[in-house]
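Engineer: Compute the structure for the input listed below.
(one chain, ligands or ions: 1)
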Amino acid sequence: MLTTAEAEQRTGTVLEVKNLKAYYQMNYFGVQREVRAVDDITLSIKRNEVYGIAGESSSGKSSLIKTIAGAINPPLRVVDGSVKFDFDGNFVDVYGEPGSMNSARWRHLSYIMQGSMNVLNPVRRVKRSFEDFAFEHMGLSKAEFWPRVRQHLEKLGLNPNVLEAYPHQLSGGMRQRLTIALATVCEPEFIIADEPTTALDVLVQQDVLGLIKDVQERMGSSIIFVTHDMTVHAAIADRIGIVYAGRLVEEGPSIDIFRRPQHPYTAHLISSLPRLGDPKRRQALAGKPPNLADPPPACRFHPRCPLAIDKCKTDNPPLVARETGRVACWRAGEVEVS
Ligand SMILES: Nc1ncnc2c1ncn2[C@@H]1O[C@H](COP(=O)(O)OP(=O)(O)OP(=O)(O)O)[C@@H](O)[C@H]1O
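Structural biologist: This next block holds a predicted model:
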(Lines give C-alpha, C1' and ligand atoms only; values in the text may rest on other atoms or scores of the structure.)
Protein backbone atom coordinates (compact mmCIF):
# COMPACT_ATOMS: atom_id res chain seq x y z
CA MET A 1 0.00 0.00 0.00
CA LEU A 2 1.33 3.45 -0.91
CA THR A 3 1.53 6.32 1.54
CA THR A 4 -0.98 9.12 0.88
CA ALA A 5 1.79 11.36 -0.45
CA GLU A 6 3.05 8.62 -2.82
CA ALA A 7 -0.51 7.93 -4.03
CA GLU A 8 -1.10 11.62 -4.74
CA GLN A 9 2.18 11.88 -6.64
CA ARG A 10 1.12 9.39 -9.30
CA THR A 11 0.53 11.47 -12.42
CA GLY A 12 0.79 11.06 -16.19
CA THR A 13 -1.19 8.96 -18.62
CA VAL A 14 -1.81 5.32 -17.78
CA LEU A 15 -4.25 4.33 -20.56
CA GLU A 16 -4.35 5.44 -24.22
CA VAL A 17 -7.18 4.19 -26.40
CA LYS A 18 -6.81 5.26 -30.05
CA ASN A 19 -9.44 4.99 -32.79
CA LEU A 20 -10.69 1.77 -31.28
CA LYS A 21 -13.23 -0.20 -33.30
CA ALA A 22 -14.61 -3.48 -31.98
CA TYR A 23 -17.46 -5.17 -33.82
CA TYR A 24 -19.57 -8.29 -33.21
CA GLN A 25 -19.06 -10.13 -36.50
CA MET A 26 -21.62 -12.82 -37.09
CA ASN A 27 -22.55 -15.11 -39.90
CA TYR A 28 -26.21 -16.15 -40.13
CA PHE A 29 -26.60 -18.89 -42.76
CA GLY A 30 -23.99 -17.29 -45.00
CA VAL A 31 -25.14 -13.69 -44.39
CA GLN A 32 -22.54 -11.51 -42.64
CA ARG A 33 -23.84 -9.20 -39.91
CA GLU A 34 -21.69 -6.69 -38.09
CA VAL A 35 -22.75 -4.90 -34.88
CA ARG A 36 -20.57 -1.80 -34.49
CA ALA A 37 -20.59 -1.70 -30.70
CA VAL A 38 -17.33 0.26 -30.29
CA ASP A 39 -16.89 2.61 -33.22
CA ASP A 40 -13.80 4.77 -33.39
CA ILE A 41 -13.25 5.64 -29.73
CA THR A 42 -10.24 7.66 -28.59
CA LEU A 43 -9.69 8.46 -24.92
CA SER A 44 -6.96 8.57 -22.33
CA ILE A 45 -6.90 8.19 -18.56
CA LYS A 46 -4.41 9.61 -16.11
CA ARG A 47 -2.97 8.04 -13.02
CA ASN A 48 -5.07 8.61 -9.95
CA GLU A 49 -8.15 9.42 -12.04
CA VAL A 50 -11.68 8.00 -11.87
CA TYR A 51 -13.30 7.97 -15.33
CA GLY A 52 -16.96 7.06 -15.72
CA ILE A 53 -18.59 5.88 -18.94
CA ALA A 54 -22.28 6.71 -19.21
CA GLY A 55 -24.98 6.01 -21.75
CA GLU A 56 -28.26 4.15 -22.06
CA SER A 57 -28.65 0.42 -22.48
CA SER A 58 -27.11 -1.10 -25.64
CA SER A 59 -24.95 1.95 -26.33
CA GLY A 60 -21.79 -0.21 -26.21
CA LYS A 61 -20.49 0.57 -22.69
CA SER A 62 -19.78 -3.03 -21.69
CA SER A 63 -18.29 -3.87 -25.09
CA LEU A 64 -15.92 -0.88 -24.77
CA ILE A 65 -14.77 -1.75 -21.29
CA LYS A 66 -14.31 -5.45 -22.15
CA THR A 67 -12.22 -4.45 -25.16
CA ILE A 68 -10.08 -2.16 -23.02
CA ALA A 69 -9.60 -4.99 -20.51
CA GLY A 70 -8.48 -7.32 -23.32
CA ALA A 71 -11.27 -9.67 -22.26
CA ILE A 72 -13.08 -10.19 -25.56
CA ASN A 73 -14.16 -13.38 -27.28
CA PRO A 74 -15.66 -13.97 -30.73
CA PRO A 75 -17.96 -12.80 -32.19
CA LEU A 76 -16.56 -9.52 -30.69
CA ARG A 77 -13.35 -8.61 -32.51
CA VAL A 78 -11.08 -5.58 -32.62
CA VAL A 79 -11.07 -4.40 -36.24
CA ASP A 80 -8.95 -1.28 -35.79
CA GLY A 81 -7.18 0.94 -33.28
CA SER A 82 -5.13 0.31 -30.16
CA VAL A 83 -5.31 0.02 -26.38
CA LYS A 84 -2.04 0.74 -24.57
CA PHE A 85 -1.23 0.87 -20.86
CA ASP A 86 1.77 2.36 -19.12
CA PHE A 87 1.94 0.80 -15.66
CA ASP A 88 4.71 2.91 -14.13
CA GLY A 89 7.08 2.06 -16.98
CA ASN A 90 5.70 -1.43 -17.76
CA PHE A 91 4.15 -0.97 -21.21
CA VAL A 92 1.32 -3.22 -22.38
CA ASP A 93 0.01 -3.02 -25.96
CA VAL A 94 -3.18 -5.06 -25.49
CA TYR A 95 -3.78 -5.85 -29.19
CA GLY A 96 -0.15 -5.53 -30.30
CA GLU A 97 1.49 -8.46 -28.53
CA PRO A 98 -0.58 -11.63 -28.08
CA GLY A 99 -0.89 -12.63 -24.41
CA SER A 100 0.56 -9.33 -23.15
CA MET A 101 -2.43 -8.80 -20.91
CA ASN A 102 -2.03 -12.13 -19.10
CA SER A 103 0.97 -11.00 -17.12
CA ALA A 104 -0.56 -7.58 -16.38
CA ARG A 105 -3.90 -8.86 -15.09
CA TRP A 106 -4.05 -9.01 -11.29
CA ARG A 107 -0.61 -7.51 -10.79
CA HIS A 108 -1.30 -4.21 -12.56
CA LEU A 109 -4.92 -4.37 -13.58
CA SER A 110 -8.11 -5.81 -12.20
CA TYR A 111 -11.41 -6.17 -14.02
CA ILE A 112 -14.60 -6.31 -11.96
CA MET A 113 -17.08 -7.74 -14.44
CA GLN A 114 -20.83 -7.23 -14.49
CA GLY A 115 -22.41 -9.67 -11.99
CA SER A 116 -18.96 -10.39 -10.57
CA MET A 117 -20.31 -11.25 -7.12
CA ASN A 118 -20.61 -14.69 -8.69
CA VAL A 119 -16.82 -14.90 -8.89
CA LEU A 120 -16.93 -16.19 -5.31
CA ASN A 121 -17.20 -19.96 -5.63
CA PRO A 122 -20.59 -20.90 -4.07
CA VAL A 123 -19.46 -24.26 -2.70
CA ARG A 124 -16.18 -23.13 -1.15
CA ARG A 125 -15.38 -20.82 1.74
CA VAL A 126 -14.52 -17.23 0.75
CA LYS A 127 -10.86 -17.75 1.68
CA ARG A 128 -10.54 -20.40 -1.04
CA SER A 129 -11.54 -17.80 -3.68
CA PHE A 130 -8.76 -15.51 -2.40
CA GLU A 131 -6.35 -18.43 -2.60
CA ASP A 132 -7.49 -19.46 -6.11
CA PHE A 133 -7.37 -15.97 -7.64
CA ALA A 134 -4.83 -13.90 -5.76
CA PHE A 135 -2.21 -16.17 -4.23
CA GLU A 136 -0.16 -17.03 -7.33
CA HIS A 137 -0.02 -13.38 -8.44
CA MET A 138 1.30 -11.94 -5.21
CA GLY A 139 4.62 -13.78 -5.00
CA LEU A 140 4.26 -14.31 -1.24
CA SER A 141 4.58 -17.42 0.91
CA LYS A 142 1.38 -18.69 2.56
CA ALA A 143 2.68 -17.38 5.88
CA GLU A 144 2.92 -13.88 4.36
CA PHE A 145 -0.20 -14.12 2.17
CA TRP A 146 -2.90 -14.59 4.82
CA PRO A 147 -1.82 -11.72 7.11
CA ARG A 148 -1.74 -9.49 3.98
CA VAL A 149 -5.28 -10.55 2.99
CA ARG A 150 -6.59 -10.00 6.54
CA GLN A 151 -4.90 -6.61 6.73
CA HIS A 152 -6.42 -5.62 3.36
CA LEU A 153 -9.92 -6.64 4.52
CA GLU A 154 -9.51 -4.66 7.73
CA LYS A 155 -8.35 -1.58 5.81
CA LEU A 156 -11.55 -1.85 3.78
CA GLY A 157 -13.63 -2.09 6.95
CA LEU A 158 -14.37 -5.80 6.56
CA ASN A 159 -14.05 -8.31 9.36
CA PRO A 160 -11.45 -10.95 8.34
CA ASN A 161 -13.75 -13.62 9.83
CA VAL A 162 -15.79 -13.44 6.59
CA LEU A 163 -13.00 -15.49 5.01
CA GLU A 164 -14.46 -18.52 6.80
CA ALA A 165 -18.00 -17.96 5.45
CA TYR A 166 -19.63 -19.50 2.38
CA PRO A 167 -20.96 -16.93 -0.14
CA HIS A 168 -24.61 -17.93 0.48
CA GLN A 169 -24.22 -16.92 4.15
CA LEU A 170 -23.46 -13.32 3.13
CA SER A 171 -25.70 -10.50 1.89
CA GLY A 172 -25.41 -9.22 -1.69
CA GLY A 173 -23.72 -6.04 -0.45
CA MET A 174 -21.15 -8.01 1.53
CA ARG A 175 -20.44 -10.27 -1.45
CA GLN A 176 -19.87 -7.23 -3.65
CA ARG A 177 -17.55 -5.67 -1.02
CA LEU A 178 -15.60 -8.94 -0.90
CA THR A 179 -15.41 -9.02 -4.70
CA ILE A 180 -13.88 -5.54 -4.61
CA ALA A 181 -11.49 -6.64 -1.86
CA LEU A 182 -10.52 -9.67 -3.97
CA ALA A 183 -9.99 -7.51 -7.06
CA THR A 184 -7.79 -5.06 -5.17
CA VAL A 185 -5.75 -7.25 -2.81
CA CYS A 186 -2.88 -7.27 -5.35
CA GLU A 187 -2.99 -3.45 -5.28
CA PRO A 188 -3.49 -2.94 -9.03
CA GLU A 189 -2.62 0.41 -10.62
CA PHE A 190 -5.71 0.20 -12.81
CA ILE A 191 -9.22 -0.99 -11.99
CA ILE A 192 -11.88 -1.64 -14.61
CA ALA A 193 -15.41 -2.06 -13.25
CA ASP A 194 -18.62 -2.83 -15.13
CA GLU A 195 -21.80 -1.75 -13.29
CA PRO A 196 -20.19 -2.37 -9.86
CA THR A 197 -23.29 -1.37 -7.89
CA THR A 198 -26.25 -2.09 -10.15
CA ALA A 199 -27.70 -5.09 -8.30
CA LEU A 200 -27.54 -3.36 -4.90
CA ASP A 201 -30.08 -1.24 -3.04
CA VAL A 202 -29.37 2.47 -2.68
CA LEU A 203 -27.84 2.42 0.82
CA VAL A 204 -25.57 -0.53 0.08
CA GLN A 205 -24.69 1.17 -3.21
CA GLN A 206 -23.41 4.24 -1.33
CA ASP A 207 -21.37 1.98 0.91
CA VAL A 208 -19.80 0.09 -2.00
CA LEU A 209 -19.08 3.34 -3.89
CA GLY A 210 -17.36 4.70 -0.79
CA LEU A 211 -15.28 1.55 -0.65
CA ILE A 212 -14.21 1.82 -4.31
CA LYS A 213 -13.23 5.47 -3.84
CA ASP A 214 -11.36 4.63 -0.67
CA VAL A 215 -9.36 1.84 -2.37
CA GLN A 216 -8.59 4.15 -5.30
CA GLU A 217 -7.34 6.96 -3.07
CA ARG A 218 -5.23 4.69 -0.87
CA MET A 219 -3.49 3.10 -3.84
CA GLY A 220 -3.35 6.09 -6.16
CA SER A 221 -4.85 3.82 -8.82
CA SER A 222 -6.94 4.80 -11.83
CA ILE A 223 -10.46 3.52 -12.39
CA ILE A 224 -12.55 3.28 -15.51
CA PHE A 225 -16.08 2.19 -14.77
CA VAL A 226 -19.35 1.83 -16.59
CA THR A 227 -22.86 2.50 -15.39
CA HIS A 228 -26.07 3.84 -16.87
CA ASP A 229 -26.80 5.42 -13.45
CA MET A 230 -25.80 9.11 -13.57
CA THR A 231 -26.05 9.43 -9.78
CA VAL A 232 -23.20 6.93 -9.43
CA HIS A 233 -21.11 9.02 -11.84
CA ALA A 234 -21.89 12.11 -9.79
CA ALA A 235 -20.70 10.30 -6.64
CA ILE A 236 -17.28 9.09 -7.79
CA ALA A 237 -16.20 10.11 -11.31
CA ASP A 238 -13.59 12.84 -11.86
CA ARG A 239 -14.35 12.82 -15.58
CA ILE A 240 -17.21 11.33 -17.55
CA GLY A 241 -17.39 10.03 -21.12
CA ILE A 242 -20.87 9.89 -22.67
CA VAL A 243 -21.34 7.07 -25.17
CA TYR A 244 -24.15 6.97 -27.71
CA ALA A 245 -24.54 4.19 -30.27
CA GLY A 246 -20.94 2.99 -30.01
CA ARG A 247 -19.38 6.47 -30.15
CA LEU A 248 -18.03 8.89 -27.57
CA VAL A 249 -20.20 12.00 -28.02
CA GLU A 250 -19.03 14.10 -25.08
CA GLU A 251 -16.34 13.98 -22.41
CA GLY A 252 -15.41 16.34 -19.61
CA PRO A 253 -14.88 16.91 -15.89
CA SER A 254 -17.94 15.63 -14.00
CA ILE A 255 -18.84 19.05 -12.70
CA ASP A 256 -19.06 20.46 -16.24
CA ILE A 257 -20.96 17.47 -17.59
CA PHE A 258 -23.62 17.99 -14.91
CA ARG A 259 -23.66 21.80 -14.88
CA ARG A 260 -23.01 22.70 -18.51
CA PRO A 261 -23.56 19.75 -20.85
CA GLN A 262 -22.68 20.61 -24.45
CA HIS A 263 -24.29 17.69 -26.29
CA PRO A 264 -28.10 17.36 -26.54
CA TYR A 265 -27.89 13.70 -25.54
CA THR A 266 -25.91 14.54 -22.38
CA ALA A 267 -28.43 17.27 -21.60
CA HIS A 268 -31.19 14.70 -21.89
CA LEU A 269 -29.41 12.30 -19.51
CA ILE A 270 -29.01 15.11 -16.96
CA SER A 271 -32.57 16.43 -17.37
CA SER A 272 -34.04 13.00 -16.80
CA LEU A 273 -32.54 12.80 -13.30
CA PRO A 274 -35.08 13.28 -10.50
CA ARG A 275 -34.50 16.40 -8.37
CA LEU A 276 -35.37 16.89 -4.72
CA GLY A 277 -38.43 19.12 -4.28
CA ASP A 278 -39.25 19.10 -8.01
CA PRO A 279 -42.48 17.16 -8.57
CA LYS A 280 -42.34 17.63 -12.37
CA ARG A 281 -42.51 14.38 -14.29
CA ARG A 282 -39.31 13.91 -16.29
CA GLN A 283 -39.70 13.56 -20.07
CA ALA A 284 -38.38 10.40 -21.68
CA LEU A 285 -36.43 10.89 -24.89
CA ALA A 286 -38.50 10.00 -27.95
CA GLY A 287 -37.45 6.96 -29.96
CA LYS A 288 -35.06 4.13 -29.20
CA PRO A 289 -31.28 3.75 -29.39
CA PRO A 290 -30.39 2.68 -32.94
CA ASN A 291 -29.69 -0.81 -34.16
CA LEU A 292 -25.88 -0.93 -34.27
CA ALA A 293 -25.96 -3.36 -37.18
CA ASP A 294 -27.51 -0.56 -39.27
CA PRO A 295 -26.97 2.75 -37.48
CA PRO A 296 -28.27 6.07 -38.88
CA PRO A 297 -25.83 7.93 -41.16
CA ALA A 298 -23.74 10.91 -39.98
CA CYS A 299 -24.63 11.87 -36.40
CA ARG A 300 -26.20 8.73 -34.96
CA PHE A 301 -28.26 10.76 -32.52
CA HIS A 302 -29.96 12.92 -35.18
CA PRO A 303 -33.25 10.93 -35.45
CA ARG A 304 -33.92 11.59 -31.73
CA CYS A 305 -32.29 14.98 -31.37
CA PRO A 306 -34.50 18.01 -30.66
CA LEU A 307 -31.84 20.31 -32.20
CA ALA A 308 -31.08 18.31 -35.37
CA ILE A 309 -30.51 20.27 -38.59
CA ASP A 310 -29.92 18.98 -42.13
CA LYS A 311 -26.15 18.91 -41.67
CA CYS A 312 -26.53 16.38 -38.81
CA LYS A 313 -28.08 13.92 -41.31
CA THR A 314 -25.24 14.17 -43.80
CA ASP A 315 -22.02 15.00 -41.92
CA ASN A 316 -20.69 13.17 -38.90
CA PRO A 317 -19.58 15.74 -36.29
CA PRO A 318 -15.99 15.06 -35.12
CA LEU A 319 -15.18 14.92 -31.43
CA VAL A 320 -13.45 18.27 -30.87
CA ALA A 321 -11.91 19.97 -27.84
CA ARG A 322 -14.08 22.66 -26.27
CA GLU A 323 -13.22 24.57 -23.11
CA THR A 324 -12.70 21.80 -20.55
CA GLY A 325 -13.68 18.72 -22.53
CA ARG A 326 -14.55 17.30 -25.96
CA VAL A 327 -17.88 17.14 -27.78
CA ALA A 328 -19.17 15.77 -31.10
CA CYS A 329 -22.12 17.93 -32.13
CA TRP A 330 -22.72 20.58 -34.80
CA ARG A 331 -24.85 22.49 -32.30
CA ALA A 332 -22.66 22.01 -29.25
CA GLY A 333 -23.30 24.48 -26.50
CA GLU A 334 -26.79 25.42 -27.70
CA VAL A 335 -28.49 22.92 -25.40
CA GLU A 336 -30.46 23.75 -22.28
CA VAL A 337 -31.05 21.50 -19.31
CA SER A 338 -34.70 21.65 -18.29
N1 LIG B 1 -22.65 -11.44 -27.87
C2 LIG B 1 -23.19 -10.50 -28.66
N3 LIG B 1 -23.45 -10.77 -29.95
C4 LIG B 1 -23.96 -9.84 -30.77
N5 LIG B 1 -24.25 -8.57 -30.40
C6 LIG B 1 -24.02 -8.25 -29.13
C7 LIG B 1 -23.48 -9.18 -28.18
N8 LIG B 1 -23.37 -8.57 -26.98
C9 LIG B 1 -23.80 -7.29 -27.16
N10 LIG B 1 -24.20 -7.10 -28.44
C11 LIG B 1 -24.73 -5.87 -29.05
O12 LIG B 1 -23.73 -4.84 -28.93
C13 LIG B 1 -24.34 -3.59 -28.67
C14 LIG B 1 -23.70 -2.97 -27.44
O15 LIG B 1 -24.01 -3.80 -26.31
P16 LIG B 1 -23.36 -3.55 -24.86
O17 LIG B 1 -23.78 -4.68 -23.98
O18 LIG B 1 -21.93 -3.26 -25.03
O19 LIG B 1 -24.12 -2.21 -24.43
P20 LIG B 1 -24.26 -1.57 -22.97
O21 LIG B 1 -24.27 -0.10 -23.20
O22 LIG B 1 -23.22 -2.12 -22.08
O23 LIG B 1 -25.70 -2.06 -22.53
P24 LIG B 1 -26.22 -2.48 -21.04
O25 LIG B 1 -26.19 -1.21 -20.24
O26 LIG B 1 -27.60 -2.95 -21.33
O27 LIG B 1 -25.29 -3.54 -20.53
C28 LIG B 1 -25.85 -3.84 -28.53
O29 LIG B 1 -26.45 -3.54 -29.78
C30 LIG B 1 -25.91 -5.34 -28.25
O31 LIG B 1 -27.12 -5.88 -28.77
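Engineer: For residue 335, give me phi and psi.
Structural biologist: As for residue 335, its main-chain torsions (degrees, to the nearest 10) stand at phi -80, psi 160.
Engineer: Who are the contact partners of it?
Structural biologist: Applying Cβ atoms under 8 Å, 6 or more residues apart in numbering, we find residue 335 in contact with 261, 262, 263, 264, 266, 267, 307. C-betas here are computed from N, CA, C, even on glycine.
Engineer: before we move on, what about residue 248?
Structural biologist: 41, 42, 43, 241, 242, 319, 326, 328.
Engineer: What pLDDT does the model give residue 7?
Structural biologist: Turning to residue 7, the model gives it a pLDDT of 50.
Engineer: For the protein, which segments count as helices?
Structural biologist: For the chain, applying DSSP state H gives helices covering 4-9, 61-68, 100-104, 126-138, 142-155, 172-184, 202-219, 230-236, 254-259, 264-271, 310-314.
Engineer: Those helices: lowest mean pLDDT?
Structural biologist: What stands lowest among the helices of the chain, in mean pLDDT terms, is helix 4-9, with a mean of 53.
Engineer: Residues in a beta bridge with the residue nearest the centre of the chain, which ones?
Structural biologist: By Cα atoms, centre = their mean, the chain has its centre lying nearest to residue 225, at 2.1 Å. When assigned by DSSP bridges, residue 225 has beta-bridge partners residue 52, residue 193.
Engineer: Look up the pLDDT of it for me, please.
Structural biologist: 93.
Engineer: thought it was touching residue 197?
Structural biologist: No. Contact between residue 225 and residue 197 fails when scored by Cβ atoms under 8 Å: they sit 9.3 Å apart.
Engineer: ok, back up a step: between the contacts of residue 335, which sits nearest residue 140?
Structural biologist: Using Cβ to Cβ, residue 266 is the member of the contacts of residue 335 that sits closest to residue 140, with 45.5 Å.
Engineer: Relative to residue 288, how far out is that closest one?
Structural biologist: Using Cβ to Cβ, to the nearest Å, residue 266 is found at 18 Å from residue 288.
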